[in-house]
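Engineer: what shape does this take:
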Amino acid sequence: AGAGSGPEERALHQAISDAVSGPQGGRETGLFDLSPVIDDSPYFHRFLRLRTLPEFRRLLGSQWVPFVEWGIVFLVLSLCVSLVLAATLLLLPVAFARDGTGEAATIPVAGYFTALGLAYMLVELTFLKAGILVLGDAILAAGAAIGGFSFFSGIGSAVSGRWESERTMRWTFAGIAVCVMAGFVALSAAAGPLLARGWEARTAAFVAALAPAAFLMGIPFPTAISRLAAAGGSAIPFAWAVNGFFSVAGASLASIGALWLGFRWTVAIGAVLYVMAGLLYRRVGREVPVRADFPEAVSRPRGDG
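Structural biologist: Reported below is the predicted structural model:
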């Protein structure tokens, strides 16, 4: 008989396959996640399933604490704390902004700046995490990613005054989504060949991959602030609050997304959020506030001097 054709050989082959890949369905039903680590989610310590914590505690009793991967638990808790603080502190600017104007509390303004805050952090921090593989050093990757995004987004903000028309901004948001995905896919595909190059070439390639997206990502925030200013400016504090606090939440969500979804899905969510922001852009700053304590402003014809 040929090799592997007998029942013993087949049984041995099946046992080895089960040992390597796990029994069918074992990865989904077990207490631990035994999926192999890949470059898209390179976390060897991510074996804990949060949904199995009650069962884990029941089986081990008082001995369960040392066996839990607390880093993941605290990461989720940090997200919860960030969301609670964001929800609480957002009530203050909303309460002040609603005094005399309905503009600041509109859903488009809240949705637009929420999407910008979350999307920017998801994209930036996912590029940072992917850059660790390419550059081989977390500090260097952080410097290149944060510095690169800040520099090129700053340039985008500086020239944003030329991009305020709705037609131009539609292309801007589409360009952000395309550049984010194209830059990340190109960086992932080139990671293997780049590892054989010096750190200068790897750093240059990394910055080149993020530069187009970072430049365009610097445009949506100041252009929307300009539109709000032209509409009276009362919604600007509210917009800053929404964007700032959801940026904080986005930092935790980027890490959680990288752990459970992988880099590509996390950065794709960021790209989709930019598309959603683009759909809301034309409605930002459209309503002009009318204060109740100035009734003459309502009755006066628009053509009066």
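Engineer: please count neighbours and contacts with C-alpha atoms only from this point.
Structural biologist: Fine.
Engineer: pretty sure Ile132 is touching Gly143, no?
Structural biologist: No: the pair Ile132 / Gly143 is not scored as a contact, 10.7 Å apart, by C-alpha atoms under 8 Å.
Engineer: Gln246 contacts Gly111, doesn't it?
Structural biologist: Careful, residue 246 is Phe and not Gln. No: with contact defined as C-alpha under 8 Å, Phe246 does not reach Gly111; the gap is 10.7 Å.
Engineer: tell me which of those two has more neighbours.
Structural biologist: In this view Phe246 and Gly111 are compared by other C-alpha atoms under 10 Å, and Phe246 has more residues nearby, 25 against 19.
Engineer: ok, Ile132 and Gly143, which is more surrounded?
Structural biologist: Neighbours were counted for Ile132 and for Gly143 using other C-alpha under 10 Å; Ile132 has more, 16 against 12.
Engineer: tell me the pLDDT of that one.
Structural biologist: We have a pLDDT of 92 for Ile132.
Engineer: distance of it from Phe206?
Structural biologist: 10 Å (C-alpha to C-alpha, to the nearest Å).
Engineer: likewise Ala213?
Structural biologist: Distance from Ala213 to Phe206, by C-alpha to C-alpha: 12 Å.
Engineer: where does the prediction get shaky in the chain?
Structural biologist: By pLDDT under 70, the weakly predicted segments of the chain are 1-5, 15, 17-31, 46, 50, 90-105, 286-305.
Engineer: where do the helices sit along it?
Structural biologist: For the chain, the helices defined by DSSP state H cover 7-21, 26-29, 53-60, 70-97, 107-135, 138-158, 166-194, 199-217, 220-230, 236-260, 263-281, 296-299.
Engineer: most tightly surrounded among these?
Structural biologist: Sort those by mean neighbour count, taking mean count of other C-alpha atoms under 10 Å, and helix 107-135 sits at the top with a mean of 24.
Engineer: tell me how far Arg197 lies from Leu116.
Structural biologist: 35 Å.
Engineer: over to Ala277?
Structural biologist: In terms of C-alpha to C-alpha, Ala277 sits 7 Å off from Leu116.
Engineer: ok, now Gly6?
Structural biologist: Gly6 is 61 Å from Leu116, by C-alpha to C-alpha.
Engineer: same question, Val275
Structural biologist: 10 Å.
Engineer: most centrally placed residue in the protein?
Structural biologist: In the chain, the residue lying closest to the centroid (C-alpha atoms, centre = their mean) is Leu122, at 1.8 Å.
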